[in-house]
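Visitor: model the structure of this input:
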Amino acid sequence: MKQPLFSEPNPIRLYPRAKPRRWLRWLGYAVAVGLFLLYLSSVAWAGDTPHLRPDQLRSVFTQALADDGAGEHQRARAWYDALQGTELAAESAVPSAVNLVALGHYNDARKAFGAIASTGSARDAAYAQLSLLALTARTWTGDSADLRKQLATQAEGLRGNDLLHQRLFDLYAGKASIEQAMDVAQAMGGSESALNDRLAETGYFAGLWQQYVQRDSAAAQRLYQQALARAAASIERPLLEQALGRQDGAFR
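Guide: So this is what the prediction gives:
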């Protein structure tokens, strides 16, 4: 037992009783999380991620999404690369391809979306095909009339996994309007979060169509702003933030 500082029954306390320092606890948590991420990072760079436990792989994926959401796209890229060849490769494929778009690596993004369009689930394949149409529009260097012909050819025969993706395919093919796509997004059932996600996705791809096919940056900006208001938890949020900051055609 510790000896008391004073022998009197009621010693005078020269300093107030020390209170638990909550910030020290949080600092400890932060250090622990940082060390864990450092460990995962070292494993990722060593190419040893297939040997991680499922919960550790999930942590890698979660960190990749968090870094993308924070605008740290290059750091997120390392996490996505580490997930290739693991049991989360398919689940992370679309976010990984979207990350390549955010980085401006359009050729790599085209390859990634092409692979998803061929082997992914129906939902992922439709998203990938739509992304390929948008990449064609974004990277086109010819005139607008030739772009429209190319998009119509590329969209020919595409079948969406739902009516919304079909309307967006038709938009890029010149067979539907933005209003028709938005009406479908609004009319589909589901939760409020599902509605927000649909409107964010629709607004993003419709905005790209306005910007690069119609060459109407003002209309595109309005669509991006409306979509961003719905995109709190959507994969398109970093891309929308980029688009709103770069309405000068600097995407190329």
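
Visitor: nearest residue to residue 236 other than its sequence neighbours?
Guide: With sequence-adjacent residues excluded and distances taken as C-beta to C-beta, 6 or more residues apart in numbering, residue 236 is closest to residue 204, at 4.2 Å. To be clear about C-beta, it is placed using only N, CA and C from the backbone, and glycine gets the same treatment.

Visitor: low-scoring stretches of the chain, by residue?
Guide: Of all residues in the chain, those with pLDDT under 70 make up the ranges 1-51, 246-252.

Visitor: one more time with 90, if that's ok
Guide: Within the chain, the segments meeting pLDDT under 90 span 1-55, 157, 159-161, 189, 245-252.

Visitor: how about the helices in it?
Guide: Under the criterion DSSP state H, the chain contains helices at 22-45, 54-69, 73-83, 93-102, 106-119, 122-139, 144-155, 163-173, 178-187, 192-208, 217-228, 237-245.

Visitor: roughly how far apart are the residue nearest to residue 236 and residue 181?
Guide: Going from residue 204 to residue 181 by C-beta to C-beta, to the nearest Å gives 11 Å.

Visitor: again with residue 60
Guide: In terms of C-beta to C-beta, residue 60 sits 35 Å off from residue 181.

Visitor: and residue 89, by the same measure?
Guide: Noted for residue 89: a distance of 31 Å to residue 181, by C-beta to C-beta.

Visitor: repeat for residue 96
Guide: Residue 96 is 26 Å from residue 181, by C-beta to C-beta.

Visitor: next: residue 141.
Guide: Residue 141 is 26 Å from residue 181, by C-beta to C-beta.

Visitor: what does residue 224 give?
Guide: Taken as C-beta to C-beta, the span from residue 224 to residue 181 is 15 Å.

Visitor: likewise for residue 114?
Guide: Distance from residue 114 to residue 181, by C-beta to C-beta: 23 Å.

Visitor: who's in contact with residue 83?
Guide: Neighbouring residues of residue 83 by C-beta atoms under 8 Å, 6 or more residues apart in numbering: 49, 57, 60-61, 64, 89, 92, 96.

Visitor: so which of those wins on neighbours?
Guide: Within these, residue 64 tops the neighbour count with 27 neighbours, counted by other C-beta atoms under 10 Å.

Visitor: list the contacts for it?
Guide: By C-beta under 8 Å, 6+ apart, the residues touching residue 64 are 76, 79-80, 83, 92, 95-96, 99.

Visitor: tabulate these in JSON lines, adding columns for distance to residue 68.
Guide: Converted to JSON lines, these look like this (distance: C-beta to C-beta, whole Å):
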{"residue": "76", "distance to residue 68": "4"}
{"residue": "79", "distance to residue 68": "9"}
{"residue": "80", "distance to residue 68": "9"}
{"residue": "83", "distance to residue 68": "13"}
{"residue": "92", "distance to residue 68": "11"}
{"residue": "95", "distance to residue 68": "7"}
{"residue": "96", "distance to residue 68": "9"}
{"residue": "99", "distance to residue 68": "6"}
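
Visitor: fine by me, thanks again.
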